[in-house]
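S.K.: coordinates for the following, if possible.
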Amino acid sequence: MASKTIVIIGASFAGIPTAHALLKDVPSTKVILINPSKKFFFNIAAPRIIARPKAFRPEQYLLSIEKQFSHYSQDAFEFVLGLATSINIDTKTVTVNNERVITFDYLVIATGSTTHSMTDTNSIPIPFKQPASDDTQVLIEKAQDHISRANRVIIGGAGPIGVEVAGEIAEAAEERGAHVTVTLISATDRVLSMLKPRASEVAEQQLRHKNVEIIRSARVTSVSQSVDSSTWTVTLHNGETLQADAYIPTTGVVPNNSFIPQELLDMQGWVKVDAELRVQGRNGKKLPIFAAGDITHNSMRLSFKAAEQAAIVAANLKAEVCQKGQKRMYDQGSNMMMIVPIGASGGSGQIFGWTPWNMLVKFIKSKDFFIARAESMIAAK
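M.R.: The predicted structure follows:
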């Protein structure tokens, strides 16, 4: 019989590796993994998936979670399909779908974040992140259909997702011989403003080569749809209005925190953690709760950072449950590393402070958006 129960909420780039590590390294433990979908969505490839419906097969980017854990015994692992709706710190319980109550000895919160394209009512629902539902493929197909029929596309936000989406839509239109106007709106004076200026310069050159219009230093203040929902009117901070057949917001991310007690969140809604990735309770109270991935207040919300945090959470739980091994600390660092495809032939980015060559971007990511590595990222190694 398991002596401890560890509940993990969220089965993506942080939750799944944490579960595997605990099952392998922490004996006499029951791991319960809660997720609203049976499938893991490899959202790294989302820009290409939504712009090019035939680029990948659904089974390449929607992978069975239960299959990845089928070799563990039922005494050691349980997958719970559902949405976590509340956490009770005092009773150490998680409620799923407002019905089932699960008791834990330790809890890991790994629910990640979502994007404004899924929360804004005046945009096409596009799952750039794992959605809080089991209908990911339906959402993808609806987005693919809408974008494929659009002649005017406006993308609000010139961060990595916005730049990648602009490049993919423009290139896909060119390949099928369609005349599609793609406009990318940047709130700053350059795209990819979180990277060095050279990375921005390279990205803008490639976007212009694909006939993407870039509007700099502009903020979207309002968006409205026509009565038949066929067109969008996008209003900028200077009063200028733009018309589009599809509007895609890509600015920032929103924490998936609706079930998390307010006392565990910072002012922006992210989970407060210390260097051990232990969740910070009221008055610094030590809780049997950890968090990893996008949901934490750590600002670098990248898939490889989520994997790093998963390893640290698993190590610290092992040290606490088994009373052996050293605790590990997480430091996200200050160096931004990012590869940003702009179509299949290359792109921009930043690696250790320098901008990679176009062919290197193609070799690393542009060719297939890491789709060949999707299963290995969530498989037990």
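S.K.: alpha carbons only for contacts and neighbour counts from here, please
M.R.: OK.
S.K.: what does stretch 192-200 rub up against?
M.R.: Stretch 192-200 has contacts (Cα atoms under 8 Å, 6 or more residues apart in numbering) with 158-160, 163, 190-191, 203, 336, 348-350, 353, 355.
S.K.: what comes up buried for the lowest-mean-pLDDT helix or strand in the chain?
M.R.: In the chain, the helix or strand scored least confidently by mean pLDDT, DSSP states H and E is helix 116-119, which has a mean of 86. Buried residues in helix 116-119, counted by 16 or more other Cα atoms under 10 Å: 116-118.
S.K.: how is the protein partitioned into domains?
M.R.: 4-114+254-322, 123-251 (the TED database).
S.K.: of all those domains, which one is nearest A380?
M.R.: Closest of the domains of the chain to A380 is domain 4-114+254-322, at 5.8 Å (criterion: Cα to Cα).
S.K.: over to that closest one now: how far is its first residue from its last?
M.R.: Terminal residues of domain 4-114+254-322 lie 10 Å apart, using Cα to Cα, to the nearest Å.
S.K.: tell me the mean pLDDT over it?
M.R.: What domain 4-114+254-322 shows for mean pLDDT is 95.
S.K.: circling back to that earlier point, turn the domains of the chain into CSV, including distance to V361 and mean neighbour count.
M.R.: Shown next, in CSV, are the domains of the chain (distance: least, Cα to Cα, whole Å; neighbours: other Cα atoms under 10 Å):
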stretch, distance to V361, mean neighbour count
domain 4-114+254-322, 15, 20
domain 123-251, 12, 19
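S.K.: and those as CSV, adding distance to R373?
M.R.: Shown next, in CSV, are those (distance: least, Cα to Cα, whole Å):
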stretch, distance to R373
domain 4-114+254-322, 10
domain 123-251, 17
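S.K.: for I342, find the nearest of the ones you listed.
M.R.: The nearest among these, by Cα to Cα, is domain 123-251 at 4.5 Å.
S.K.: which SS state does the residue nearest the centre of the chain fall under?
M.R.: For the chain, the residue sitting closest to the mean C-alpha position, by Cα atoms, centre = their mean, is K129 at 4.1 Å. Secondary structure, DSSP: H, G, I helix; E, B strand; the rest coil: K129 is coil.
S.K.: from S217, how far out is it?
M.R.: Distance from K129 to S217, by Cα to Cα: 26 Å.
S.K.: what about the longest helix in the chain?
M.R.: The residue-count maximum for a helix in the chain (DSSP state H) belongs to helix 303-322.
S.K.: what packs against that one?
M.R.: For helix 303-322, the packing partners by 3 or more Cα pairs under 8 Å, 6 or more residues apart in numbering; DSSP states H and E come out as helix 15-25.
S.K.: now the angle from the helix it packs on to helix 303-322?
M.R.: 30 degrees (axes from the mean of the first three to the mean of the last three Cα atoms, to 10 degrees).
S.K.: what helix or strand is I6 located in?
M.R.: Per DSSP states H and E, I6 falls inside strand 4-9.
S.K.: do I have it right that S37 meets S133?
M.R.: Yes - using Cα atoms under 8 Å, S37 is in contact with S133, at 5.8 Å.
S.K.: picking that back up, H116 is in contact with the residue nearest to the centre of the chain, correct?
M.R.: No - using Cα under 8 Å as the test, K129 is too far from H116 to be in contact (10.3 Å).
S.K.: so which residues of the stretch 51-200 of the chain form strands?
M.R.: With strands called from DSSP state E, counting those that start in this stretch, the stretch 51-200 of the chain shows them at 62-64, 77-81, 84-88, 93-96, 100-103, 106-109, 113-115, 152-156, 181-185.
S.K.: for D274, find the nearest of the ones you listed.
M.R.: D274 lies closest to strand 106-109 among the strands of the stretch 51-200 of the chain, at 13.8 Å (Cα to Cα).
S.K.: show me the beta-bridge partners of the residue lying closest to P261 once chain neighbours are set aside.
M.R.: Nearest non-adjacent residue to P261, counting by Cα to Cα, 6 or more residues apart in numbering: I87, 6.7 Å away. Applying DSSP bridges to I87 gives these bridge partners: V94.
S.K.: V253 too?
M.R.: Going by DSSP bridges, V253 forms beta bridges with T115.
S.K.: pull the residues that contact stretch 139-146.
M.R.: The contact list for stretch 139-146, computed with Cα under 8 Å, 6+ apart, reads 49-53, 124-127, 246.
S.K.: ok, so of the residues you listed, who is nearest T93?
M.R.: P127 (29.3 Å).
S.K.: does that closest one really touch A46, like I thought?
M.R.: Yes - with contact defined as Cα under 8 Å, P127 counts as touching A46 (7.4 Å).
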